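Visitor: Sequence and predicted model, in that order:
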Amino acid sequence: GAVVSQHPSRVICKSGTSVKIECRSLDFQATTMFWYRQFPKKSLMLMATSNEGSKATYEQGVEKDKFLINHASLTLSTLTVTSAHPEDSSFYICSARSPWTSAETQYFGPGTRLLVL
Amino acid sequence: QKEVEQDPGPLSVPEGAIVSLNCTYSNSAFQYFMWYRQYSRKGPELLMYTYSSGNKEDGRFTAQVDKSSKYISLFIRDSQPSDSATYLCAPRGKLIFGQGTTLQVKP
């Protein structure tokens, strides 16, 4: 089956620093990946759609300069939280659509827990 | 009104119980739905699709859609402690999710 990995699984950083989270499709190529944010006991909120070779599409209310997305290859998308602050602490999850199954099926990474002190 | 809503729970049941997890939606254009299971501190995994209406079975799981009331259900028979997780519903093909219902199955 389609496997999506994320790295790191958890990260603690100081306020003001930048953090990069990687999302990889391990056994398939993904032209499109998605980044979500999830607060405790809350639903997944789509932040942006990452498109290989082009600019990401951000959802309303998501600061593109704050959350930089790069999708430089068909198997890797990165999310960089710039100048992180405590309110950025959250669970970040990426997903990708596999070409082997329905185009509507998303495969999720295991998530990255970010804690900003 | 949110497009997809779920009671966050937690729902606590004894092992072996039949569990009913529910979702309501507001957009009548939604045809099919997906149920995802998310274990604590993990990403969601696809559990099953629904049909556009009626019941669909997959092992111990049955997904039901009632279009007239815009109501979706996931039934779990013979629940196991390993079923303890948060269950999210989502319209198929859409990047929106319900809040999720947390289920605890006690041995």
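Guide: Arrived safely.
Visitor: Share the number of residues neighbouring the closest residue to B:Ile76 other than its chain neighbours, please.
Guide: Once flanking residues are discounted, B:Ile76 sits nearest to B:Val19: 4.1 Å by C-beta to C-beta, 6 or more residues apart in numbering or on different chains. All C-beta atoms are positioned from the backbone trio N, CA, C, and that covers glycine. The tally of other residues near B:Val19 (other C-beta atoms under 10 Å in any protein chain shown) stands at 19.
Visitor: A:Ser73 too?
Guide: Residues near A:Ser73, counting by other C-beta under 10 Å: 13.
Visitor: Contact partners for A:Val3?
Guide: Listed by C-beta atoms under 8 Å, 6 or more residues apart in numbering or on different chains, the contact set of A:Val3 reads A:Ser25, A:Leu26, A:Asp27, A:Tyr107.
Visitor: What strand or helix carries whichever residue of chain B sits closest to chain A?
Guide: Across chain B, no residue is closer to chain A than B:Gly43, which sits at 3.5 Å (C-beta to the nearest C-beta). Using DSSP states H and E, B:Gly43 sits within no helix or strand.
Visitor: Isn't the residue nearest to B:Ile76 up against B:Phe75?
Guide: Yes - contact criterion C-beta atoms under 8 Å: B:Val19 and B:Phe75 qualify, at 6.8 Å.
Visitor: can you map out the strands along chain B?
Guide: B:4-5, B:11-14, B:19-25, B:33-38, B:45-49, B:54-58, B:61-66, B:71-76, B:85-91, B:101-106 (DSSP state E).
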